[in-house]
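Engineer: Below are the sequence and a predicted model; questions follow.
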Amino acid sequence: MRIAGLALGLSAVVLTAQSAVDPGAATAPRMEFVAPAAGSYQLQRIQPVRDAILLTASGTPTHLAGVTSRKITLLTFFYTYCADPLGCPFAYTTLTGLRDRVLAEPGLAGRVRFVSVSFDPTTDTPQAIGWYGQHVSADPRFEWQFLTARSVSELMPVLDDFGQDVSVETDAAGHPTRTRHHMLKLFLIDASGEVREIYTLAFLQPQVMFNDIKTLAMETERATTLGDQP
Amino acid sequence: MVHSRRAVWAALTSVLSLVVVAPGSYADETCNSPYITNLIKGQEDYVHVWTLGVQGLGDGSDKLVTIDAKPGSPYYGRVVGVSAVGGRGEAHHMGFTDDRKYLWAGNLDDSKIFVFDVVKDPAHPTLIQTITDLPAKTKYVGPHTFYALPGRMLIGNLSNSTDKGGVTGLAVYNNKGAFVTKYPMPTKDIGGVTGDGYGYDVAINPAKNVLLTSSFSGYNNYMRDLGAVIKDPEAMKHFGATMVVWNLKTMQPTQILSVPGAPLEIRWNLVPGQNWAVTAAALTSKLWLIKEDTPGHWTAKDVAVIGDPSKTPLPVDISITADGKGLWVDTFMDGTIHYFDLSDPQHPKETYHKVVGKQVNMVSQSWDGKRVYVTSSLLSHWDKTGTDNEQFLRAFNWDGKLLMPAFSVDFTKEKLGRPHHMKLTAKPTQQVALASAGGS
């Protein structure tokens, strides 16, 4: 069912796409090493996530901080009609694979969520991201939040806080098109709402990402054991 | 002072044993961090030059100088922007953030880091932030290499605030300019080689999860008059002789490689299946190859000499071509740029050289390899003096056989200072910022 949904979503993406091209490195990530064991290293504390008000797929205003805390969160920005093979579709292939691995890991499934935030509030209405989420990523066993914003002006502080770049392609006459240029980034956020790793294309190595998630889970367990909330 | 330093340089060129090391540049458009996107793979519009101020010359301040580099522009080859930061702190190297929006520029003397916005108006970069807490947060000084990580900047330092020797470490800041963490350079024995704790360049191979670092010398040497350094046998002992292999994910050193002679710039060949790096040892004038011989185990081997080592040419900066098959090397003492064929990295061959000026330090090439830029300044206390103290940026076109002059900017005549590190930018085409694209 999930595979069929994903195929449907991606085919829709291709049909609606314009000439979306991520100007970043045009090669898929390579991994030619054995990933360090989970828990054998510490992830850097890069920055806290600043709160903002976004919209859920049902159109309800929600605090970003509410979906980037209390669980280990993997957050990324997207737009529903992105078709760059090394952009959003590549991210979703990576994320769905990770989701399945998390679900298969005893004790980990309920402690991890994914959050996808659209950076095209004009096109990606709550209804649009709701449809997208249902068809591309729906799995009742796993929390995967799809969010959008009420306006570009309300989205911009969120993008600035994460350091997520995006620009809009223009046509020959200089008018904005629907095509977004962006650097693919996934943000790993710990249960206390702090960004602990950022994966760009060269870093999208699923085994490393999975071990990073487990490392944060083990860190939380150690802190809990010591009576010190993370 | 002036005439004595000239005499020192003259003596240096004739005395092999009087070796010095020179910090060259890190990075150019083919040598940026692999985490940087939006690389310019066509024609660059601007060359930005981080420039040391000279007392009594113009405003005397360190500054970011922007030069129009687009052929056909009415301002081609001319200075179009100057962003002075006030004061002199030994301006040295720069590095882009991963999104290529900001340029971090460091000072080796006061350890300040200046952050410029180079996107809003690339012709006139704007200073938006000055980071001053590196020594307080880390006890390291002399921020040298600025290497983009996703959302962060990895900084390779040269010295420490305690004794200002060469023992130092790496620092990590997030892209907002906040300190994240630090990692000391190893001083223990790893794999039979004892670390000297010195630092210089950093370079990452993501596919191998490997970070390489090199080693130079501390504040006591690089901020001291060159003549005094080379006359001081004790000071001459304090130059790096190691490279360190790090596990990038864990940020733990896994190997220390013996690379005598102050290995400076590091360049990876990241072409799939290659995964080797080169560096130039300044004191011995040798190229070294760093290669994985068995899975997870790396070796360093000297594979070529640069110029005539007996004349102490001092290789400073290197720039690898995008396909990893060629390498530019600048030698400071004889003002010469060399081109090596790296088709067989075990046996690099020099196929071309050209005298560019009285002294050269930095070399950067465009991604397509068709344009090469060279600047002249090494360090304020180490540059040549008198008529040998030429200060310039010189641009060339490269057809694969000859360097043909394109333009030259005289930084003394223009009252700008000593030109050091270069970075290239281009105006975005057919793109606007999301916030200005309209829509609700």
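Structural biologist: Done, it's in. Residues are numbered from 1 along each chain as shown, chains lettered A, B, ... in the order given.

Engineer: for stretch A:50-69, which positions count as buried?
Structural biologist: A:52, A:54-57, A:64, A:67-69 (16 or more other CB atoms under 10 Å in any protein chain shown). Every C-beta, even on glycine, is put in place using the N, C-alpha and C of the backbone.

Engineer: and residue 150, how many residues sit next to it?
Structural biologist: With no chain named, the answer covers chain A. 15 (other CB atoms under 10 Å in any protein chain shown).

Engineer: meant chain B actually
Structural biologist: By other CB under 10 Å, the burial measure for residue B:150, its neighbour count, is 23.

Engineer: cool, and residue B:367?
Structural biologist: What residue B:367 shows, counting by other CB under 10 Å, is a neighbour count of 19.

Engineer: Quick check, pLDDT for it.
Structural biologist: pLDDT recorded at residue B:367 is 88.

Engineer: And the buried residues of stretch A:50-69, which is closest to chain B?
Structural biologist: Set against chain B, the nearest of those by CB to the nearest CB is residue A:55 (12.8 Å).

Engineer: Give me the below-cutoff pLDDT ranges for chain A.
Structural biologist: Scanning chain A for pLDDT under 70 picks out the ranges A:1-28, A:227-230.

Engineer: is stretch B:178-188 up against chain A anywhere?
Structural biologist: Yes. Stretch B:178-188 lies within reach of chain A by CB under 8 Å from any CB of the partner chain, at B:178, B:180-181.

Engineer: ok, residue A:161 touching residue A:49?
Structural biologist: Yes. Counting by CB atoms under 8 Å, residue A:161 touches residue A:49, with 7.1 Å between them.

Engineer: Next one: the nearest residue to residue B:315 once chain neighbours are set aside relative to residue B:157, how far apart?
Structural biologist: Residue nearest to residue B:315 in three dimensions, not counting chain neighbours: residue B:280, with 4.1 Å by CB to CB, 6 or more residues apart in numbering or on different chains. Counting by CB to CB, to the nearest Å, the separation of residue B:280 from residue B:157 is 20 Å.

Engineer: what do you get for residue A:53?
Structural biologist: 41 Å.

Engineer: For the residue nearest to residue B:411 when sequence neighbours are not counted, give me its contacts.
Structural biologist: In space, and not counting its chain neighbours, residue B:411 is closest to residue B:391: 4.2 Å by CB to CB, 6+ apart. Residue B:391 is in contact with B:376-377, B:383, B:410-412, B:416-419, counting by CB atoms under 8 Å, 6 or more residues apart in numbering or on different chains.

Engineer: Only the buried subset of those residues, as a ChimeraX command please.
Structural biologist: Listed next is the ChimeraX selection for buried residues among these, using 16+ other CB under 10 Å:
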select /B:376,377,383,411,412,416,417,418,419
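
Engineer: List the ones among the contacts of residue B:391 that fall in helices.
Structural biologist: Nothing among the contacts of residue B:391 maps onto helices, per DSSP state H.

Engineer: I'd assumed residue B:226 was in contact with residue B:382.
Structural biologist: Yes. The criterion here is CB under 8 Å, and residue B:382 meets it with residue B:226 at 4.7 Å.

Engineer: Which residue of those two possesses the greater neighbour count?
Structural biologist: Ranked by neighbour count (other CB under 10 Å), residue B:382 and residue B:226 place residue B:382 first, with 26 against 22.

Engineer: Can you give me the distance of that one to residue B:327?
Structural biologist: 24 Å.

Engineer: Spatially central residue for chain A, please.
Structural biologist: residue A:76 (2.4 Å; CA atoms, centre = their mean).

Engineer: quick one, phi psi at residue 66?
Structural biologist: All of this refers to chain A. In terms of degrees, to the nearest 10, the main-chain angles of residue A:66 are phi -70, psi -20.

Engineer: Oops, wrong one, chain B.
Structural biologist: The phi/psi pair for residue B:66 (degrees, to the nearest 10) reads phi -110, psi 130.

Engineer: give the contact list for residue B:328.
Structural biologist: With CB under 8 Å, 6+ apart, residue B:328 has these contacts: B:318-319, B:337-340, B:363, B:365, B:372.

Engineer: same thing but at 7 Å, please
Structural biologist: By CB atoms under 7 Å, 6 or more residues apart in numbering or on different chains, the contact set of residue B:328 is B:318-319, B:337, B:339, B:363, B:365, B:372.

Engineer: gap between the closest residue to residue B:425 other than its chain neighbours and chain A?
Structural biologist: Nearest non-adjacent residue to residue B:425, counting by CB to CB, 6+ apart: residue B:122, 4.6 Å away. Separation of residue B:122 from chain A (CB to the nearest CB, to the nearest Å) stands at 14 Å.

Engineer: And residue B:312, by the same measure?
Structural biologist: Taking CB to the nearest CB, one finds residue B:312 at 39 Å from chain A.

Engineer: wait, doesn't that residue sit right on residue B:334?
Structural biologist: No. At 9.3 Å, residue B:312 does not count as touching residue B:334 under the criterion of CB atoms under 7 Å.

Engineer: got the contact list for residue B:340?
Structural biologist: Residue B:340 neighbours (CB under 7 Å, 6+ apart): B:304, B:326-327, B:329, B:348-350.

Engineer: Among those, name the buried ones.
Structural biologist: By 16+ other CB under 10 Å, those give B:304, B:326-327, B:329, B:348, B:350 as buried.

Engineer: Can you pick out the most distant pair from those residues?
Structural biologist: For these, the farthest-apart pair by CB to CB is B:304 and B:326; their separation is 13.1 Å.

Engineer: What segments of the stretch 101-250 of chain B are strands?
Structural biologist: Here the stretch 101-250 of chain B has its strands, by DSSP state E, counting those that start in this stretch, at B:102-107, B:113-117, B:126-131, B:140-149, B:152-160, B:169-174, B:179-184, B:189-190, B:193-194, B:202-205, B:210-213, B:242-247.

Engineer: swap in chain A?
Structural biologist: A:47-48, A:53-55, A:61-63, A:72-78, A:112-118, A:143-147, A:166-170, A:176-182, A:186-189, A:194-199 (DSSP state E).
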